[in-house]
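Undergrad: Make a model of this:
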Amino acid sequence: MSAFHEVLFPLDVALGARGGPERRTDVVIVGSGAETRNARWANSRRRWDAGYGVKGIAALQAVVAFFEERRGRLTGFRWRDRLDFSSAAYGAAPAPTDQAIATGDGTTTVFQIAKTYGAAFAPYARPIRKPVAGSVVVAVAGAAQAAGWTLDATTGLVTFATAPAAGAAIAAGFLFDVPARFDSDYLEVDLSGFVAGDIPKIPIVEIPA
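TA: Predicted structure coming up:
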């Protein structure tokens, strides 16, 4: 990953943003009308417009300062997705058994935190690389682990002092941010329009793993 600052985008603005996951799919329609579809991206990528979260001049100034310190698109940062920031159901606290992340083999000690979407047909396991420090709880074989492991909050890697036993289910609960960057090197700010109710465009895009 290129330059990255472990700092959170202004939270009051991020929580008012609009956006969501994007995928890239090629669709080919043949002469008969039948079609074939091919996924070009293995993982989804999220986009937002933070302009919808700017509610005053002070918030706008904070975003401009944040943009300048990141040097526009150059440097990544943490982004809080209001819809999707926890391993648990909306409004619930993370629990150690929220998300299955791996199965022990008796040898491996390092595991990537992940969040799984769906279950019956084609579940998607999303790597979580920016967990919130202090929010992560871990379970092995269904039992919460109060000690014996460490977390790297900059990568989402959990390291056990002793490898979990072969066949043991490893799970985790957590809050998380999304690695993101500005998707423009230019912020067009029109104060007269802003005062009149116009929404500035502040494009944000997830940095792919």
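Undergrad: Check which element follows the worst-scoring helix or strand of the chain on mean pLDDT along the chain.
TA: The helix or strand of the chain with the poorest confidence is helix 191-195; it has a mean of 72 (mean pLDDT, DSSP states H and E). Using DSSP states H and E, the helix or strand that follows helix 191-195 in sequence is strand 203-206.
Undergrad: Dump that following strand to CSV, restricted to CA.
TA: Only the C-alpha atoms of strand 203-206 are listed here, as CSV (Å, rounded to 0.1, in the frame of the first residue of the first chain):
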residue,chain,number,x,y,z
PRO,A,203,-15.5,12.0,-3.7
ILE,A,204,-14.0,9.3,-1.5
VAL,A,205,-13.0,5.8,-2.7
GLU,A,206,-12.0,2.6,-0.8
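Undergrad: Quick check: mean pLDDT of that strand?
TA: Averaging pLDDT along strand 203-206 gives 98.
Undergrad: can you check stretch 46-62 too?
TA: 92.
Undergrad: Excluding sequence neighbours, find me the nearest residue to the most centrally placed residue in the chain.
TA: Centroid-nearest residue in the chain: V178, 2.8 Å away (criterion: C-alpha atoms, centre = their mean). Nearest residue to V178, sequence neighbours excluded (C-beta to C-beta, 6 or more residues apart in numbering): W79, at 4.7 Å. In this view, the C-beta of every residue, glycine as well, is placed from N, C-alpha and C.
Undergrad: ok, the one you found to T108 distance?
TA: 30 Å (C-beta to C-beta, to the nearest Å).
Undergrad: do D190 as well
TA: 54 Å.
Undergrad: Settle it for me: which of these two has more neighbours?
TA: Remark: of D190 and T108, T108 carries more neighbours, 14 against 10, as counted by other C-beta atoms under 10 Å.
Undergrad: Check the contact between that one and A165; I expect there is one.
TA: No - using C-beta atoms under 8 Å, T108 is not in contact with A165; the gap is 11.1 Å.
Undergrad: Under a three-state scheme, what state does D12 occupy?
TA: helix (DSSP: H, G, I helix; E, B strand; the rest coil).
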